[in-house]
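Asker: mind looking at a prediction? Sequence and model below.
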Amino acid sequence: MIRSIFVRALTATLALAAGGAQAQAWPTQTIRIVVPYSPGGSSDIIARAISGPLSEALKQTVIVENKPGANGNTGTDFVAKANDGHTLLLCDVGALAITASVYAKLPFDPSKDLRGVGMLAYSPHLLVVHPSVKANNLQELVALSHKEPLNFAVTAIGSAPHLAGVAVEKATKAQWTYIPYKGGAQAIGDTVAGQTQVLMNGMLATLPQVQAGKLKVLGVSKATRVPLLANVPTIAEQGVKGFESGTWQGVLMPAATPPAVVAKVAAELSRIIRSPEVRERLVSQGAEVYTMTPAEFATFFERERKNWASVVAQGGVKIE
């Protein structure tokens, strides 16, 4: 009995030592941050903001790779199947939580094939329109949608901005046609060009176009108004009670990644995202810095998955 307890304790001690040694030696090669969307979106902006500081901290080259396709599933699947121990996924965590509910079949299981490392930032969605749209608030936009067709640009079918748009549509009885894109940058670009009239997207990527006068903002999807747009009412203020949505950017790694390595990456990312330089850069564009431990991330992801599953069911959104 005593010998058995001793053997188990020794085994656990050796495992901890091995994990610590592995984390100390890591990284041994170039680190890839995969963004499963086109360049220019919120996830891409954050990936490029942290890549330099992360490279400096780990004393290893860090590159950002954009792998768009299949509404973000192409890049996510690539990371889920990566076995080099040096590939990270930086994405909209809410969108990833939605994926399993929207798609009838996926080549990966986000809950089993990926391990949450940490959260980085949150930005509310902005409801914006092309400046030519003759509406200055949500009520006027809804009324206009009953008189003439309005194309609603979505970053991807089944994305958080898409489902937020569906929720607003159902609550207000608005009428618009959804036009899917392969990422936020393309959806923003076509709305700026006037090819689509309405867009809901993360504030981080959309605010610069509002500030430049290329898009007109009608509402913010946050419980309270945001300081950078203090005169813009929330969507909840405009009749959609309790409405709140947004884009959560976080980092994940393949499930097989050693816990000690995950902990090391999590600690560095938490430090970097809270550093004055990075924090101020993101806050000035409308994002709020958020940090979570891997355990907190796992709890958050499961809660998001359940919440969005309900929204998907109500909206009848499904992709074969």
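Answerer: Noted; the coordinates are in hand. Numbering: from 1, shown residues only.

Asker: what comes up buried for stretch 24-36?
Answerer: Residues of stretch 24-36 classed as buried by neighbour count (16 or more other CB atoms under 10 Å): Trp26, Pro27, Ile31, Arg32, Ile33, Val34, Val35, Pro36. Every C-beta, even on glycine, is put in place using the N, C-alpha and C of the backbone.

Asker: state the distance from Asn73 to Gly116.
Answerer: As judged by CB to CB, to the nearest Å, Asn73 and Gly116 stand 18 Å apart.

Asker: the two - which one has more neighbours?
Answerer: Gly116 (27 against 24; other CB atoms under 10 Å).

Asker: so the more buried one is in which element?
Answerer: Per DSSP states H and E, Gly116 falls inside strand 114-129.

Asker: and Val217, by the same measure?
Answerer: Element membership of Val217, judged by DSSP H and E, is strand 216-220.

Asker: check which helices and strands that strand sits against.
Answerer: The contact analysis (3 or more CB pairs under 8 Å, 6 or more residues apart in numbering; DSSP states H and E) places strand 216-220 against strand 114-129, helix 138-147, helix 203-211.

Asker: run a quick neighbour tally on the closest residue to Glu277 other than its chain neighbours.
Answerer: Once flanking residues are discounted, Glu277 sits nearest to Pro53: 7.9 Å by CB to CB, 6 or more residues apart in numbering. Using other CB under 10 Å, Pro53 has 18 other residues around it.

Asker: give me the contacts around the strand holding Val217.
Answerer: Outside strand 216-220, the residues that touch it by CB atoms under 8 Å, 6 or more residues apart in numbering are 124-131, 133, 135-138, 141, 203, 210, 226, 229, 232-235, 238.

Asker: and the strands in the stretch 51-200 of the chain, which stretches?
Answerer: Ranges of strands within the stretch 51-200 of the chain are 62-66, 87-92, 114-129, 151-154, 177-180, 198-202, based on DSSP state E, counting those that start in this stretch.
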